[in-house]
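Chemist: Sequence first, then the predicted structure:
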Amino acid sequence: GENVEQHPSTLSVQEGDSAVIKCTYSDSASNYFPWYKQELGKGPQLIIDIRSNVGEKKDQRIAVTLNKTAKHFSLHITETQPEDSAVYFCAASKGRGSTLGRLYFGRGTQLTVWP
Amino acid sequence: DTAVSQTPKYLVTQMGNDKSIKCEQNLGHDTMYWYKQDSKKFLKIMFSYNNKELIINETVPNRFSPKSPDKAHLNLHINSLELGDSAVYFCASSHKSDFLLDEQYFGPGTRLTVT
């Protein structure tokens, strides 16, 4: 099966700084890589995703990069704000196929943004 | 509101009891999932249903029995609850697509505490 590793487990930054979270995956057949944000007491919320035919994707202050050769992908948050504080999860999937889009999650990164 | 909803949000019960968690989505999705999040925030899939048919059963004890009365509902029944079942359970759904890759949307979670 797939193994997704995520680093760091905790990340503290000053408001306005950038934050980077990195993930690696083991199965070269994985082709879909979403990122989820989980606020305290809530369910994970999809914030951005990238598919294997794309190397980079940006949405306002967040961006994700994918290096298929090295089997790693990263989340970049610029101009961080206190409301960005949450647990962030990366995940990998081989698509719907026979696995029905089963997501394999990293263990999460607790991001704290200090005002 | 269009969403994935779960009831109850909190469930406290004693060992040995039987309990159910309900999930409903009004997004028109055809695939639904149950995930378990442990005390260290690790998210792991338990079950997946597509059009009321069980597709994924991820080495979950048979005390856990999912039931899908229709495409919009996926309930989780747990028999003979054990202390180790204490966790947050998330329901999720994904939409039908001609593509192989689908985004999953999560419910708010049910925090189960077994005493």
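Modeler: Received the coordinates, thanks.
Chemist: What residues does the closest residue in space to B:L83 that isn't next to it in sequence make contact with?
Modeler: Leaving aside its chain neighbours, B:L83 sits nearest to B:V114 (5.3 Å; criterion: Cβ to Cβ, 6 or more residues apart in numbering or on different chains). Heads up, the C-betas are built off the backbone N, CA and C, glycines and all. Counting by Cβ atoms under 8 Å, 6 or more residues apart in numbering or on different chains, B:V114 touches B:13-15, B:81-86.
Chemist: How many neighbouring residues does residue 40 have?
Modeler: You didn't say which chain, so I picked chain A. 7 (other Cβ atoms under 10 Å in any protein chain shown).
Chemist: Not quite, go with chain B.
Modeler: Neighbour tally, B:K40, other Cβ under 10 Å: 8.
Chemist: next one: B:F106
Modeler: For B:F106, using other Cβ under 10 Å, the count is 22.
Chemist: Same question for the one 4 residues further on.
Modeler: Counted by other Cβ under 10 Å, the residues lying close to B:T110 total 21.
Chemist: Any part of the helix or strand of chain B with the lowest mean pLDDT near chain A?
Modeler: The helix or strand of chain B with the poorest confidence is strand B:53-57; it has a mean of 77 (mean pLDDT, DSSP states H and E). Yes. For strand B:53-57 and chain A, the contact criterion (Cβ under 8 Å from any Cβ of the partner chain) is met by B:55-56.
Chemist: Go ahead and measure how far that strand is from the middle of the chain.
Modeler: Computed by Cα atoms, centre = their mean, to the nearest Å, the chain-centroid distance of strand B:53-57 equals 12 Å.
Chemist: what do you get for stretch B:75-93?
Modeler: For stretch B:75-93, the distance to the chain centre is 7 Å (Cα atoms, centre = their mean).
Chemist: quick one: buried residues of that stretch?
Modeler: B:75-76, B:78, B:81, B:85-93 (16 or more other Cβ atoms under 10 Å in any protein chain shown).
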